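Novice: Please work out how this folds:
(one chain, ligands or ions: 2)
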Amino acid sequence: MINIKNFRKTFGSKLVHKDVSFYVREGECLGLVGGSGVGKSVILRSLIGLEKPDSGEIEIDGIQVHNLTEEEMVPLRQKVAYVFQGGALFDSMTVFENMAYPLREHFKLSDDEIQKKITDTLDELGLAGNEQNLPSQLSGGMQKRLGLARALMMNPKVILYDEPTAGLDPYNTKKIQDHILKLKKKGVTSILVTHDMPTALAVCDKMVYLLNGVVTSSVLTKDLYSNPNAEIMKFIEGDVA
Ligand SMILES: Nc1ncnc2c1ncn2[C@@H]1O[C@H](COP(=O)(O)OP(=O)(O)O)[C@@H](O)[C@H]1O
Ligand SMILES: [Mg+2]
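Specialist: Ligands and ions are numbered 1, 2, ... in the order given. Now for the predicted structure:
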């Protein structure tokens, strides 16, 4: 479903990605892990065309992302949801308006259909009754869930999660994990960028570890503990930054 080949990206004179390749099969969840600043978010942004690689190929569900014009990005962004680090909510819009926005942009639905879809999704994410609140009136954990709820409005085939549990308490972390698993059961393909190894272990089928511009380890989650020499283990155990 997702295939990144020989991805290379520089910012000015700074080479961030030398040569990154990995793939994710349909319905899989891949953990993209690595220290701060290794370029995890840049890869996610590149997958939806918000950044362009200097060279290399990105393919999602048969779409050659690296070749698309801005106009051709529209169908891609309907298919691929990016759940941003900070939630990317509109602060001056109510929860309802935040949720309705992507629906009105991309689908022709009646007001009743919009209302029902929003109510159902908020309910599913434990946010029922918050329609008329502003995002700032919600707790951090609720805001993260709202970011996910809004992404779900598009029925995405692919979801890119950028540190969805960062700063969350165990209760909210568990809720996010449960939802990632639930979406996986429905066949959604995903990439999870995270430092939160318990979450990565709970939801990812495999993990790639990014260091110095390349993938240094690529392992199946179920094999992780029988492969203790992997670079990724040093990261998990806190032996490297
Ligand atoms: N728009 C940009 N302009 C210049 N440098 C950038 C830009 N975006 C990211 N970078 C640099 O690329 C590197 C990787 O960033 P990022 O993908 O955000 O790291 P991560 O998500 O792994 O913490 C960082 O060193 C950052 O400074
Ligand atoms: Mg990041």
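Novice: Contact residues of the protein facing ligand 1?
Specialist: By CB under 6 Å from any ligand atom, the residues of the chain that approach ligand 1 are Phe11, Val16, Gly34, Ser36, Gly37, Val38, Gly39, Lys40, Ser41, Val42. Yep, even glycine has a C-beta here, placed from its N, CA and C like the rest.
Novice: Work out the gap between stretch 57-66 and the centre of the chain.
Specialist: On the basis of CA atoms, centre = their mean, to the nearest Å, stretch 57-66 sits 17 Å off its chain's mean C-alpha point.
Novice: and it, what's its mean pLDDT?
Specialist: The pLDDT scores in stretch 57-66 average 94.
Novice: which residues are in contact with that stretch?
Specialist: Where contact means CB atoms under 8 Å, 6 or more residues apart in numbering, the residues beyond stretch 57-66 that reach it are 1-7, 46-49, 52-53, 56, 75-76, 79-80, 157-158.
Novice: Strands of this structure, start to end?
Specialist: Along the chain, counting by DSSP state E, strands occupy 2-11, 14-24, 29-33, 55-60, 63-64, 80-83, 158-162, 189-193, 206-211, 214-220.
Novice: Filter the contacts of stretch 57-66 down to the buried ones, ChimeraX style.
Specialist: In ChimeraX, this line selects whichever of those come out buried by 16 or more other CB atoms under 10 Å:
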select :1,2,3,4,5,7,46,47,48,49,53,56,76,79,80,157,158
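Novice: Report the separation between the nearest residue to Asn130 once chain neighbours are set aside and ligand 1.
Specialist: Computed as CB to CB, 6 or more residues apart in numbering, the closest residue to Asn130 that is not its neighbour in sequence is Val95, at 4.9 Å. Look at Val95 and ligand 1: by CB to the nearest ligand atom, to the nearest Å, they are 27 Å apart.
Novice: you'd agree Val95 is up against Leu122?
Specialist: Yes. With contact defined as CB atoms under 8 Å, Val95 counts as touching Leu122 (7.3 Å).
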